[in-house]
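Enquirer: Sequence plus the predicted model coming up.
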Amino acid sequence: MAKTIYVLDPVAPCPAAADWRNRQLEGLRGKVLGFIDNSKPNFAYLVADMAELAVARYRASGVLTHTKLLGSSVPAGEAVYRDFAERCDIVITGSGD
């Protein structure tokens, strides 16, 4: 009796690479920073310190934060990504323990 063996490739296709050459910041002055907190312990403290430093020392104009409440392995959601893309000049996602 012939048996069929299926081999699955778990690798997702790579989306078109973003062109980062013209997307470098020349500093934080006047920029809005976004932080996506994965809700692990201690990252909120790091975000608070980085936000304060960015505004006080580097003259960032604002900071937005989002804390993922469903856990670190669950994506933040399309609405959060769209909002941050529209309102932020740079977004940092983080992990803490």
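Expert: Cool, got the structure. Numbering: from 1, shown residues only.
Enquirer: Residues contacting the lowest-mean-pLDDT helix or strand in the chain, please?
Expert: Ranking every helix and strand in the chain by mean pLDDT, DSSP states H and E puts strand 90-94 at the bottom, with a mean of 87. Identification of contacts with strand 90-94 by C-beta atoms under 8 Å, 6 or more residues apart in numbering yields 25, 28, 31, 33-38, 43, 46-47, 50, 84-85. (C-beta placed from N, C-alpha, C; glycine too.)
Enquirer: These, buried ones only, as a ChimeraX selection?
Expert: Burial among the contacts of strand 90-94 is assessed by 16 or more other C-beta atoms under 10 Å; the matching ChimeraX selection reads:
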select :28,31,33,34,35,36,37,38,43,47,50,84
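Enquirer: Closest one of the contacts of strand 90-94 to Tyr58?
Expert: Leu28 (3.9 Å; C-beta to C-beta).
Enquirer: Identify the residues contacting that closest one.
Expert: 54, 58-60, 90 are the contacts of Leu28 under C-beta under 8 Å, 6+ apart.
Enquirer: any idea how far Ser73 is from Asn38?
Expert: 8 Å (C-beta to C-beta, to the nearest Å).
Enquirer: oh, I was asking about Arg87
Expert: Taken as C-beta to C-beta, the span from Arg87 to Asn38 is 20 Å.
Enquirer: same question, Gly71
Expert: With C-beta to C-beta as the criterion, Gly71 and Asn38 are 8 Å apart.
Enquirer: tell me, which helix in the chain spans the most residues?
Expert: Ranked by residue count under DSSP state H, the longest helix found in the chain is helix 43-56.
Enquirer: Quick check: mean pLDDT of it?
Expert: Taken as a whole, helix 43-56 carries a mean pLDDT of 92.
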